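Enquirer: what would the 3D arrangement of this be:
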Amino acid sequence: MDVELFWQAVPVLLKGLKITAILTFLSVLIGFNLGLGLALMRLSSNRFVSGFAKGYSTVFRGTPLLVQIFLLYYGLGQLSFIKDNAALWWVISDGARCAVLALALNTAAYTSEILRGGLMSVPAGLVEAAQACGMSRALRFRRIEFPLAIRQALPAYGNELILTVKGTSLASTITVLEVTGYAKRLMSQTYAVFEIFAIAGVLYLATNLVLITLIRGLERHLTRYQAR
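Expert: So this is what the prediction gives:
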């Protein structure tokens, strides 16, 4: 690899890595909370509520993320009521904000299924014991159900975080200059396809290795009592 090209590409791609990190953080923040709500809806005894959550999960898990990004950015932007609504247009008109929305909606669907599985794995005896102690539903969820569910769901959710990081590369298709976006720009300037995208791949790999390390550390922390 040309050393001069390397030192030219790395600072530019690191600028894109900052945008990738921001996209990932905001998408996960929104997606986790939305996914938790959908998981609770799936477990609801109300057929309409659970059906809506199931339909949402089916649609967003059954269609490609790239299609969802295009529908939000190019499709919704053509609708008059979107243009007339200042808040909606503020989101849809900007590539980065639209990418965050698409990634958040997509990861929420997968997160809901992961958390639903974790919540269903909570032993019924613990829930009944909490009810017998007079715990309210909210207190029972906060102190017993959610902590146990997140321990079970964390390994699978870690995989979803990694997929979200890789999914941010699709934001380059709607003019967002993250790692892949800057890599495409450098490629068009230098024609060094292999070298540029090799560096970009290493940056994605390094980011995911850091995520994996953090997730494993958190998993060990949450299961420290079981290890003893």
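
Enquirer: any low-confidence regions in the chain?
Expert: For the chain, the stretches flagged by pLDDT under 70 are 1, 225-228.

Enquirer: now with 80, please.
Expert: For the chain, the stretches with pLDDT under 80 are 1-3, 222-228.

Enquirer: tell me where this protein has helices.
Expert: Taking DSSP state H, the helices of the chain run over residues 3-42, 47-62, 65-70, 80-84, 86-92, 95-120, 124-132, 137-140, 146-167, 179-190, 193-222, 224-227.

Enquirer: residues touching the closest residue to residue 150 other than its chain neighbours, list them.
Expert: Once flanking residues are discounted, residue 150 sits nearest to residue 118: 6.3 Å by Cβ to Cβ, 6 or more residues apart in numbering. Any C-beta I mention is one placed from the backbone N, CA and C, and that applies to glycine too. Shown in contact with residue 118 (Cβ atoms under 8 Å, 6 or more residues apart in numbering): 148, 149, 150, 151, 152, 153.

Enquirer: and for the first one, the neighbour number?
Expert: So the one you mean is residue 148. Residues lying near residue 148 (other Cβ atoms under 10 Å) number 18.

Enquirer: so it sits right up against residue 126, yeah?
Expert: Yes - at 7.3 Å, residue 148 counts as touching residue 126 under the criterion of Cβ atoms under 8 Å.

Enquirer: ok, back up a step: and residue 173, which of the helices of the chain is closest to it?
Expert: Of all these, helix 65-70 sits nearest to residue 173, with 6.6 Å by Cβ to Cβ.

Enquirer: how about the closest one: buried residues?
Expert: The neighbour-count check on helix 65-70 (16 or more other Cβ atoms under 10 Å) flags 65, 68, 69 as buried.

Enquirer: same deal with stretch 86-94?
Expert: For stretch 86-94, burial by neighbour count (16+ other Cβ under 10 Å) applies to 89, 92, 94.

Enquirer: are any of the contacts of residue 118 buried, and which?
Expert: 148, 149, 150, 151, 152, 153.

Enquirer: is the third one in contact with residue 219, as I believe?
Expert: No - the pair residue 150 and residue 219 fails to qualify as a contact (Cβ under 8 Å) at a distance of 10.0 Å.

Enquirer: dump the helices of the chain to a markdown table, plus distance to residue 173.
Expert: Formatted as a markdown table, the helices of the chain follow (distance: least, Cβ to Cβ, whole Å):
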| stretch | distance to residue 173 |
| --- | --- |
| helix 3-42 | 13 |
| helix 47-62 | 18 |
| helix 65-70 | 7 |
| helix 80-84 | 20 |
| helix 86-92 | 15 |
| helix 95-120 | 9 |
| helix 124-132 | 45 |
| helix 137-140 | 42 |
| helix 146-167 | 11 |
| helix 179-190 | 9 |
| helix 193-222 | 15 |
| helix 224-227 | 43 |
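
Enquirer: return the most buried member of the ones you listed.
Expert: Greatest average neighbour count among these goes to helix 95-120 (a mean of 22), per mean count of other Cβ atoms under 10 Å.

Enquirer: tilt between that helix and helix 3-42?
Expert: 50 degrees (axes from the mean of the first three to the mean of the last three Cα atoms, to 10 degrees).
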